[in-house]
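# 3D, please:
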Amino acid sequence: MSISVSNAVQTPEVPEETWTAYTAVVKGKGSKLAAVFQLSPDESKIEVKAIVDNADGNWDEFVEQFDPQQIAWAVILFPYTTTSNAIRSKLIFATWVPDTLKRGSFKETIRLKSSAIFFGGELKKAAARDGAKQYQANGPSDLGVRDVLSTVSKFEHDSIDMASINRLSASA
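Prediction:
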């Protein structure tokens, strides 16, 4: 049995600046809300698209980073407070595979969409080691602050202080 090398998928490189952005969020003690990553135009590496500070209203800035014609990944340190004033920060690794993504052919569209999971592998493994919850978004509505909150707070025993969520997003 032989395997055709021409059909093999090349894993994109994850450069040092990508790891630095990842670490800024994961180990940044809450100063950064998220880092968003994208494929380089030649699909040879995963680049930093944006680093979003943790400040009031910045969830909307974070969501604006996702292009409906590109796959992307994000590491998010999602902050919220419970009604008993417990401060929480949940780590999330999000994979963005937009339903609207289109390429020149159906085959190319499917190749890119299915590659999103594979291409983010090194970052996804690091996030799993750091205890991140996995989250997949396929459209802007999947990135709503309340949708993400429902995933990260699934096993929260205390009620969520919604004022802490409303501060994240002007559209919450």
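# Confirm that residue 50 sits in a strand.
Yes: Residue 50: assigned to a strand according to DSSP: H, G, I helix; E, B strand; the rest coil.
# Tell me which stretches of this structure form strands.
Along the chain, counting by DSSP state E, strands occupy 32-39, 46-53, 72-81, 87-96, 133-137.
# Please identify the pairing partners of the third one and their relative orientation?
Okay, so that is strand 72-81. When pairing is defined by DSSP bridges, strand 72-81 lines up against strand 32-39 (antiparallel), strand 87-96 (antiparallel).
# for residue 97, what are its contacts?
71, 113, 116-117, 136-138 (CB atoms under 8 Å, 6 or more residues apart in numbering). (Each C-beta comes from the backbone N, C-alpha and C, glycine too.)
# mind redoing it with 10 Å?
Counting by CB atoms under 10 Å, 6 or more residues apart in numbering, residue 97 touches 70-73, 112-117, 120, 136-139, 142.
# out of the residues you listed, who's nearest residue 25?
Closest approach to residue 25 among these (CB to CB): residue 73, at 11.8 Å.
# my read: the closest one touches residue 124, true?
Yes: judged on CB atoms under 10 Å, residue 73 makes contact with residue 124 at a distance of 7.5 Å.
# Mind listing the shared neighbours of the two?
Counting by CB under 10 Å, 6+ apart, the residues touching both residue 73 and residue 124 are 93, 95, 117.
# Check what pLDDT the last one gets.
The one in question is residue 117. In this model, residue 117 is scored at 76, pLDDT.
# Bridge partners for the closest residue to it other than its chain neighbours, pull those for me.
Among residues not flanking residue 117 along the chain, residue 95 sits closest, at 6.4 Å (CB to CB, 6 or more residues apart in numbering). On the basis of DSSP bridges, residue 95 is bridged to residue 73, residue 136.
# Check residue 36 too.
Beta-bridge pairing of residue 36 under DSSP bridges involves residue 50, residue 74.
# Report the contact partners of the spatially most central residue of the chain.
Ranked by distance to the mean C-alpha position of the chain (CA atoms, centre = their mean), the top residue is residue 74 at 2.3 Å. The contact partners of residue 74, by CB under 10 Å, 6+ apart, come to 25, 33-38, 49-50, 52, 62-63, 65-66, 92-96, 120, 123, 127, 135, 137, 143.
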